[in-house]
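Participant: What would the 3D arrangement of this be:
(one chain, ligands or ions: 1)
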Amino acid sequence: MELIYGKDVAKIITDSVIGKSEELERQGEREAKLAIIRVGDNAGNISYERGAGKRMEKCGILHEEYDFPDNVSKVEFDKAFNKINADETVDGILLLRPLPSQLDEKNVVTRINPDKDVDCANPLNLGKLLTGAKDGFSPCTCLAVERVLKFILEARGDSLRGKNVTIVGRSAVVGRPLALLLINDDATVTVCHTKTENLAGCCKKADIIVAAAGHAGLITADHVKPGAIIADVGVNMGVDGKLVGDVDIESVNDIASVCTPVPGGIGAVTTSILAMQVMKARIKR
Ligand code: NAP
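Facilitator: Residues are numbered from 1 along each chain as shown. Coordinates of the predicted model:
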């Protein structure tokens, strides 16, 4: 089995965004800008904010961080949020979630300007994904999975068309929007969850398995058809304190043809997709 790291895909996307930044500069146009909003000290969010900032710098995109304490009042948050949302120099808004209960996350996401909603938090953009409209934004993680799968398949002269894909996970941020993206790519998609009967059987019929359950070691040799491609989205803390995915790499090693590792697989592509989305928003605006 071959391990496919995300860095090659990330480089292709990053280089393309750098080219667009340079074009803006040549034309004397304003640089693209991302605003990152974080409430509280979630370690994963702090790490993602840092990684996103570094990627924007590499891509020639400005970034501003707006960090609030966990107990920020609704009045104070809304005042700052409305200002960022209305700021003509801000092209993209990344709202790191979850938000504390006093801020009413469901309400906040519906107020993100849909044209700045670069990680598809606003249900309006999810609706565009549902209808197959091309002018909205899809979640960065889902686009990262789609890009990596296309990268693997194109190297074989193949595509997603007609492929049987089984996604393990049905969350509104990963499993469901990914299913929509892959259906739009003409794949035949099965979505599994904790109530699925015979998870192994559903996975074993798949040409491609996307593991997005958040359950370490869930996918083993019993779940994999010989030669299958596996994209591991899961990020879990292993017993030794190291990050691991949802796939038991040792178990699937002799059966799958390709798997993305954790860390260094899908997660390594996500911030370059975010930069691509910010540039798309900048050009659109
Ligand atoms: P989530 O909201 O907890 O959803 C997990 C989904 O997996 C649920 O639909 C759940 O089913 C299903 N599931 C859990 N255990 C299962 C099992 N044993 N068998 C079958 N289905 C199972 O998580 P999420 O936000 O979608 O994230 C999923 C994973 O991706 C997490 O590990 C997260 O850290 C990671 N992630 C990675 C990135 C990245 O860039 N690499 C980005 C976002 C998230 P039910 O609906 O029935 O509960």
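
Participant: Run through who's touching whatever helix or strand N85 lives in.
Facilitator: Per DSSP states H and E, N85 falls inside helix 74-86. Helix 74-86 is contacted by residues 35, 37, 39, 66, 68, 90, 93, 102-104, 108, 111-113, 116 when judged by Cβ atoms under 8 Å, 6 or more residues apart in numbering. C-betas here are computed from N, CA, C, even on glycine.

Participant: Among these, name the buried ones.
Facilitator: A35, I37, V39, Y66, F68, V90, I93, L103, V108, I112, N113, K116 (16 or more other Cβ atoms under 10 Å).

Participant: so what secondary structure elements neighbour the helix or strand where the fourth one lies?
Facilitator: In this case it means Y66. In this structure, Y66 sits in strand 62-68 according to DSSP H and E. Counting by 3 or more Cβ pairs under 8 Å, 6 or more residues apart in numbering; DSSP states H and E, the packing neighbours recorded for strand 62-68 are strand 33-39, helix 43-59, helix 74-86.

Participant: And the next helix or strand past the helix holding N85?
Facilitator: Next helix or strand after helix 74-86 toward the C-terminus (DSSP H and E): strand 92-95.

Participant: list the contacts for the residue nearest to the spatial centre of the chain?
Facilitator: Note on the chain: the residue nearest the mean C-alpha position is T141, at 1.0 Å, using Cα atoms, centre = their mean. With contacts defined as Cβ under 8 Å, 6+ apart, the neighbours of T141 are V173, V174, L178, V233, I266, T270.

Participant: Is there proximity between the strand or helix carrying the last one and the ligand?
Facilitator: Secondary structure from DSSP H and E places T270 in helix 267-284. Yes. With Cβ under 6 Å from any ligand atom as the measure, helix 267-284 is seen reaching the ligand through G267, T270.

Participant: what's the distance between that helix and the middle of its chain?
Facilitator: Centre-to-centre, helix 267-284 and its host chain are 10 Å apart (Cα atoms, centre = their mean, to the nearest Å).

Participant: swap in stretch 60-71?
Facilitator: In terms of Cα atoms, centre = their mean, the centre of stretch 60-71 is found 19 Å from the chain centre.

Participant: same deal with stretch 54-63?
Facilitator: Per Cα atoms, centre = their mean, the centroid offset for stretch 54-63 relative to its chain is 18 Å.
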